[in-house]
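Engineer: Below are the sequence and a predicted model for it; my questions follow.
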Amino acid sequence: MDSLLSQTSIIIREIQHDLLSYENAQDRETDSACSNLINSKFQRLLEMCDRLDILVNKEPAQRRAQSRQRVNEIKYDIKHYQVRFFSLNIY
(Lines give C-alpha, C1' and ligand atoms only; values in the text may rest on other atoms or scores of the structure.)
Protein backbone atom coordinates (compact mmCIF):
# COMPACT_ATOMS: atom_id res chain seq x y z
CA MET A 1 0.00 0.00 0.00
CA ASP A 2 2.84 2.38 0.82
CA SER A 3 4.37 1.99 -2.63
CA LEU A 4 1.02 2.70 -4.26
CA LEU A 5 0.65 5.83 -2.12
CA SER A 6 4.07 7.05 -3.20
CA GLN A 7 3.25 6.32 -6.85
CA THR A 8 0.09 8.40 -6.60
CA SER A 9 2.05 11.26 -5.06
CA ILE A 10 4.52 11.14 -7.94
CA ILE A 11 1.74 11.22 -10.53
CA ILE A 12 0.04 14.12 -8.74
CA ARG A 13 3.30 16.09 -8.91
CA GLU A 14 3.57 15.22 -12.61
CA ILE A 15 0.03 16.50 -13.15
CA GLN A 16 0.96 19.76 -11.43
CA HIS A 17 3.83 20.16 -13.89
CA ASP A 18 1.69 19.12 -16.85
CA LEU A 19 -1.00 21.65 -15.92
CA LEU A 20 1.61 24.40 -16.03
CA SER A 21 2.71 23.19 -19.45
CA TYR A 22 -0.91 23.09 -20.58
CA GLU A 23 -1.50 26.66 -19.40
CA ASN A 24 1.55 27.84 -21.33
CA ALA A 25 0.89 25.82 -24.49
CA GLN A 26 1.44 28.02 -27.53
CA ASP A 27 -0.14 25.96 -30.29
CA ARG A 28 -3.08 23.64 -30.73
CA GLU A 29 -0.93 20.54 -31.20
CA THR A 30 0.93 21.03 -27.92
CA ASP A 31 -2.36 21.89 -26.25
CA SER A 32 -3.94 18.66 -27.46
CA ALA A 33 -0.93 16.53 -26.49
CA CYS A 34 -0.88 17.99 -22.97
CA SER A 35 -4.61 17.52 -22.63
CA ASN A 36 -4.41 13.85 -23.62
CA LEU A 37 -1.49 13.25 -21.28
CA ILE A 38 -3.25 14.87 -18.34
CA ASN A 39 -6.46 12.92 -19.00
CA SER A 40 -4.57 9.63 -19.09
CA LYS A 41 -2.83 10.45 -15.80
CA PHE A 42 -6.17 11.31 -14.18
CA GLN A 43 -7.55 7.98 -15.35
CA ARG A 44 -4.54 6.14 -13.95
CA LEU A 45 -4.88 7.97 -10.62
CA LEU A 46 -8.54 7.06 -10.33
CA GLU A 47 -7.70 3.41 -10.97
CA MET A 48 -5.01 3.58 -8.30
CA CYS A 49 -7.50 5.12 -5.86
CA ASP A 50 -9.89 2.24 -6.47
CA ARG A 51 -7.07 -0.15 -5.61
CA LEU A 52 -6.17 1.91 -2.52
CA ASP A 53 -9.78 1.73 -1.33
CA ILE A 54 -9.54 -2.04 -1.43
CA LEU A 55 -6.17 -2.07 0.33
CA VAL A 56 -7.37 0.27 3.11
CA ASN A 57 -9.95 -2.29 4.14
CA LYS A 58 -7.21 -4.88 4.46
CA GLU A 59 -5.13 -2.71 6.80
CA PRO A 60 -4.96 -3.57 10.50
CA ALA A 61 -7.63 -1.80 12.54
CA GLN A 62 -5.04 0.45 14.21
CA ARG A 63 -3.84 1.84 10.87
CA ARG A 64 -7.10 1.79 8.94
CA ALA A 65 -8.35 5.26 9.95
CA GLN A 66 -5.01 6.89 9.14
CA SER A 67 -4.80 5.08 5.81
CA ARG A 68 -8.39 6.02 4.95
CA GLN A 69 -7.57 9.67 5.72
CA ARG A 70 -4.55 9.58 3.40
CA VAL A 71 -6.59 8.07 0.56
CA ASN A 72 -9.29 10.69 1.05
CA GLU A 73 -6.64 13.43 0.88
CA ILE A 74 -5.38 12.01 -2.41
CA LYS A 75 -8.92 11.90 -3.80
CA TYR A 76 -9.42 15.52 -2.76
CA ASP A 77 -6.19 16.53 -4.51
CA ILE A 78 -7.28 14.71 -7.66
CA LYS A 79 -10.67 16.48 -7.66
CA HIS A 80 -8.92 19.80 -7.12
CA TYR A 81 -6.66 19.30 -10.14
CA GLN A 82 -9.53 18.00 -12.27
CA VAL A 83 -11.49 21.18 -11.56
CA ARG A 84 -8.44 23.28 -12.39
CA PHE A 85 -7.94 21.37 -15.63
CA PHE A 86 -11.62 21.75 -16.52
CA SER A 87 -11.51 25.48 -15.83
CA LEU A 88 -8.49 25.80 -18.14
CA ASN A 89 -10.39 24.02 -20.90
CA ILE A 90 -13.24 26.50 -20.68
CA TYR A 91 -11.04 29.48 -21.54
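Structural biologist: Arrived safely, thanks for sending. Residues are numbered from 1 along each chain as shown.
Engineer: Report the contact partners of the residue nearest to Phe85 when sequence neighbours are not counted.
Structural biologist: Spatial nearest neighbour of Phe85, excluding adjacent residues (C-beta to C-beta, 6 or more residues apart in numbering): Ile38 at 5.8 Å. No exception for glycine: its C-beta is placed from N, CA and C like everyone else's. Ile38 makes contact with Ile15, Asp18, Leu19, Tyr22, Phe85 under the criterion C-beta atoms under 8 Å, 6 or more residues apart in numbering.
Engineer: Next step: those residues restricted to helices.
Structural biologist: Ile15, Asp18, Leu19, Tyr22, Phe85 (DSSP state H).
Engineer: Let me know the closest of the residues you listed to Asn72.
Structural biologist: Of all the ones in helices among the contacts of Ile38, Asn72 sits closest to Ile15, with 18.0 Å by C-beta to C-beta.
Engineer: Pretty sure that closest one sits against His80.
Structural biologist: No: the pair Ile15 / His80 is not scored as a contact, 10.2 Å apart, by C-beta atoms under 8 Å.
Engineer: Compare these two and say which one has the larger neighbour count.
Structural biologist: Neighbour count, other C-beta atoms under 10 Å: between Ile15 and His80, Ile15 has more, with 23 against 11.
Engineer: The more buried one and Lys41, how far apart?
Structural biologist: 5 Å (C-beta to C-beta, to the nearest Å).
Engineer: host element of the residue nearest to Phe85?
Structural biologist: Using DSSP states H and E, Ile38 falls within helix 28-57.
Engineer: which of the residues in that helix are buried?
Structural biologist: Asp31, Cys34, Ser35, Ile38, Lys41, Phe42, Leu45, Met48, Cys49, Leu52, Val56 (16 or more other C-beta atoms under 10 Å).
Engineer: For the third one, which residues are in contact?
Structural biologist: Ser35 makes contact with Tyr22, Asn89 under the criterion C-beta under 8 Å, 6+ apart.
Engineer: hmm, 7 Å instead?
Structural biologist: The contact partners of Ser35, taken as C-beta atoms under 7 Å, 6 or more residues apart in numbering, are Tyr22.
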